[in-house]
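Visitor: Following is a predicted model, sequence given first.
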Amino acid sequence: MITLKKLSKNYQVGAETIYALREIDLFIDKCEYVAIMGPSGSGKSTLMNLIGCLDTATAGVFELNGINVSDMDDNELAEIRNREIGFVFQTFNLLARSNALHNVELPLIYAGVNSEERRQIALAALAQVGLSDRIHHKPNELSGGQRQRVAIARALVNHPSIILADEPTGNLDSKTGEEIMDVFEHLYRGGNTIILVTHEEDIARHARRVIRIRDGRIASDERSTAKHAP
């Protein structure tokens with residue numbers, strides 16, 4: 001599903017060149033549950049941005065579902081993002097004045113889905129994350145965990161190839177964080193491919209594979225014997 005070949009990303013800061021990623025080789029298959037870990041400045045966020053088609057590499061090849069996205073322009077990358085990737089962010093990124101149902105419908109509005117069909121799809125996604133009884137509530141009427149469930153439902157509605165979660169429990173207490181990880185476990189068991197970016201060891205342990213990034217390179221890539229494994 002995801003193939004990275006000698007992928008590098010450099011930034012120019014004045015006269016200095018920052019090497020964020022250095023010749024990354026990586027393959028992630030369909031239906032994997034992967035955690036990407038690393039300290040601040042390691043390159044994990046840069047790697048997430050490249051996999052999420054939010055940025056482009058300086059060198060190397062990135063293939064997503066057999067399509068080379070390395071040289072795509074901004075419009076082409078946006079199309080790939082909307083079609084292939086569901087994002088879940090630490091800060092939820094919900095519209096404050098819209099209820100849960102409308103927040104989940106948003107990607108479908110951008111995709112041109114008619115109102116009745118998108119309502120049914122959004123209702124099904126909210127049911128999938130256990131929020132059928134909160135569809136008319138606005139974000140400020142929901143707990144942090146419920147807001148993140150709305151964000152996960154929104155990520156699901158376009159049936160993406162990948163769910164890309166960036167520190168999804170970072171703004172939650174430990175108990176609520178574990179509840180959100182149970183949602184991801186359920187989605188993984190349902191056949192979704194999940195890539196989780198985190199700095200928390202206990203969160204990474206939920207994944208079946210942990211990739212550690214250090215100084216722009218893959219320091220280790222280990223399969224997990226997670227207790228939840230099927």
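Guide: Perfect, I can see it now. Numbering: from 1, shown residues only.

Visitor: okay, CA-based contacts and neighbour counts for the rest of this
Guide: Noted.

Visitor: which residue is nearest the middle of this protein?
Guide: The chain has L164 as the residue nearest its centroid, 1.1 Å off, counting by CA atoms, centre = their mean.

Visitor: Which positions in the longest helix anywhere in the chain come out as buried?
Guide: The longest helix of the chain (DSSP state H) is helix 174-189. Within helix 174-189, the residues that count as buried by 16 or more other CA atoms under 10 Å are 176-178, 180-181, 183-185, 187-189.

Visitor: What is the nearest of these to N82?
Guide: Closest approach to N82 among those (CA to CA): L187, at 19.2 Å.

Visitor: got a list of what that closest one touches?
Guide: By CA atoms under 8 Å, 6 or more residues apart in numbering, no residues touch L187.

Visitor: and the end-to-end length of stretch 82-94?
Guide: Chord length of stretch 82-94, first to last residue, is 17 Å (CA to CA, to the nearest Å).

Visitor: I meant stretch 107-126, not that one.
Guide: Length of stretch 107-126, first residue to last, CA to CA: 14 Å.

Visitor: State the distance from S42 to N65.
Guide: 26 Å.

Visitor: Neighbours of the closest residue in space to L26 that isn't next to it in sequence, how many?
Guide: The shortest distance from L26 to any non-neighbouring residue, by CA to CA, 6 or more residues apart in numbering, is to L4 (5.0 Å). L4 has 21 neighbouring residues, counting by other CA atoms under 10 Å.

Visitor: for the worst-scoring helix or strand of the chain on mean pLDDT, which positions count as buried?
Guide: Using mean pLDDT, DSSP states H and E, helix 74-84 stands out as the lowest-scoring helix or strand of the chain, at a mean of 89. By 16+ other CA under 10 Å, the buried positions in helix 74-84 come out as 77, 80-84.

Visitor: same question, stretch 143-151
Guide: Per 16+ other CA under 10 Å, stretch 143-151 contains these buried residues: 144-151.
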